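Enquirer: Following is a predicted model, sequence given first.
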Amino acid sequence: MRVLVAAASRHGATSEIGETIAEALREHGLEADAKPPEEVHDLAGYDAVVLGSAVYVGKWLDPARDLVERRADELCTKPVWLFSSGPIGEPLRPSPEDAVDVESLVSATRARGHRLFGGKLDKGRLGFGEKAVVLAFRAPEGDFRDWDEIRSWAAEIAAALAPA
């Protein structure tokens, strides 16, 4: 079984989550390709899709939303899982309830589920406008991704895709 893992990322942290998911799926015997959504032109040859995005101001990045819009009909015919990355701090903020609204994306893809993962903030990689927002919200710098949780979720996907 071949799985596409597409992750939209502004500074690379969400792409790293996508790569880790693909790696974990391969460890469970699946073929998995990790790509940015803007490089996905066709879903032919893929049996399932894991699609994710970094979250900014409660929304997915345009490349991930655009992929859903461009390929909604195809996505509805395959098992699909969605993930978001973004909350930072301890505890994670914003809270899972307030971090992202993915109802329309879940509906458009008929996704089997959505998972929210902590994000990473490296102030040195931010542009001027992003730095101003981070300063205004006193956002904590650091890596808040839980790699065990990410790998565990990928294992759940692999189990769901395993032949009966």
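Expert: Okay, I see it. Numbering: from 1, shown residues only.

Enquirer: so what's residue 23 up against?
Expert: Shown in contact with residue 23 (Cβ atoms under 8 Å, 6 or more residues apart in numbering): residue 32. Yep, even glycine has a C-beta here, placed from its N, CA and C like the rest.

Enquirer: and stretch 72-80, how far apart are its ends?
Expert: Using Cα to Cα, to the nearest Å, one end of stretch 72-80 lies 11 Å from the other.

Enquirer: Show me which positions of it end up buried.
Expert: 75, 78, 79, 80 (16 or more other Cβ atoms under 10 Å).

Enquirer: Surely the second one is within a helix?
Expert: Right, residue 78. No - secondary structure of residue 78 (DSSP: H, G, I helix; E, B strand; the rest coil): coil, not part of a helix.

Enquirer: which phi and psi does it have?
Expert: Torsion angles at residue 78 (phi, psi; degrees, to the nearest 10) stand at phi -130, psi 160.

Enquirer: Which element, helix or strand, includes the most centrally placed residue in the chain?
Expert: By Cα atoms, centre = their mean, the chain has its centre lying nearest to residue 52, at 2.2 Å. For residue 52, the enclosing helix or strand under DSSP states H and E is strand 48-56.

Enquirer: buried set for that strand?
Expert: 48, 49, 50, 51, 52, 53, 54, 55.

Enquirer: Export those residues to TSV and append columns for pLDDT.
Expert: Formatted as TSV, the buried residues of strand 48-56 follow (pLDDT from 0 to 100):
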residue	pLDDT
48	98
49	98
50	98
51	98
52	98
53	97
54	94
55	92
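
Enquirer: and the residue nearest to the centre of the chain, what is it in contact with?
Expert: Residue 52 touches 5-8, 14, 17-18, 21, 64, 82-85, counting by Cβ under 8 Å, 6+ apart.

Enquirer: could you pull out the strands for the protein?
Expert: Secondary structure of the chain, counting by DSSP state E: strands at 2-8, 31-35, 48-56, 59-60, 80-85, 113-117, 120-121, 142-143.

Enquirer: Would you reformat the ones you listed as a markdown table and include distance to residue 150?
Expert: Formatted as a markdown table, the strands of the chain follow (distance: least, Cβ to Cβ, whole Å):
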| stretch | distance to residue 150 |
| --- | --- |
| strand 2-8 | 11 |
| strand 31-35 | 13 |
| strand 48-56 | 10 |
| strand 59-60 | 18 |
| strand 80-85 | 8 |
| strand 113-117 | 6 |
| strand 120-121 | 12 |
| strand 142-143 | 12 |
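
Enquirer: Of all these, which one is nearest residue 104?
Expert: Of all these, strand 59-60 sits nearest to residue 104, with 10.1 Å by Cβ to Cβ.
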